[in-house]
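Participant: Kindly return the folded structure for what I paste below:
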Amino acid sequence: MARNQKVVTVSVNQVNARLVKEDGFLEKAILLLFSRQVQVDEQVIARTVHKNDIGFNKSNAKKGTELAQALLKWQDAEKEGAHPWSSADRSRARSIAFTHAVQVSRLLDEHANK
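Facilitator: Presented below is the predicted three-dimensional model:
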């Protein structure tokens with residue numbers, strides 16, 4: 001194997017299967033995408049400014065940011081109280097994560113190959 005070639009550890013099909021079955025994986029996917037938004041501006045204004053195929057796309061930036069921020073706030077409070085996502089929120093989060101499954105797969109691979 002070439003020195004710079006990365007090993008693919010999580011396929012897009014595996015990502016999609018886990019998004020359906022594992023709520024914790026869904027949360028991780030949303031937080032991974034949120035972490036890739038350009039920190040200074042895109043996370044603050046909750047929309048996509050840079051067309052860089054990183055983080056949420058334009059149509060998912062606002063809701064994806066809201067979902068991620070609610071989840072982070074809940075985690076910071078040591079998961080006190082009910083989960084911040086309604087069933088509709090969870091459904092929307094899955095839709096967003098499915099849209100970005102290729103990117104989630106790539107991000108997981110990058111993390112695994114560090």
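Participant: how about the nearest residue to residue 107 once chain neighbours are set aside, what does it touch?
Facilitator: In this structure, residue 107 finds its nearest non-sequential neighbour in residue 32, 5.0 Å apart by Cβ to Cβ, 6 or more residues apart in numbering. No exception for glycine: its C-beta is placed from N, CA and C like everyone else's. Residues near residue 32 by Cβ atoms under 8 Å, 6 or more residues apart in numbering: 104, 107, 108.
Participant: Looking at the residues you listed, which are in helices?
Facilitator: With DSSP state H as the criterion, helices contain 104, 107, 108 from among the contacts of residue 32.
Participant: looking at the residues you listed, which has the most residues close by?
Facilitator: residue 104 (26 neighbours; other Cβ atoms under 10 Å).
Participant: give the contact list for it.
Facilitator: Per Cβ under 8 Å, 6+ apart, neighbours of residue 104: 15, 29, 32, 33, 97.
Participant: my guess is residue 97 meets residue 33, correct?
Facilitator: Yes: using Cβ atoms under 8 Å, residue 97 makes contact with residue 33 at a distance of 7.4 Å.
Participant: Does residue 25 touch residue 19 like I think?
Facilitator: Yes: the pair residue 25 / residue 19 is scored as a contact, 6.4 Å apart, by Cβ under 8 Å.
Participant: ok, now which ones touch the residue nearest to the spatial centre of the chain?
Facilitator: Central residue of the chain (Cα atoms, centre = their mean): residue 30, 2.5 Å from the mean position. Under the criterion of Cβ under 8 Å, 6+ apart, the contact list for residue 30 reads 64, 67, 68, 71, 93, 96, 97.
Participant: What is the burial count for the first one?
Facilitator: For residue 64, the number of neighbouring residues by other Cβ under 10 Å comes to 25.
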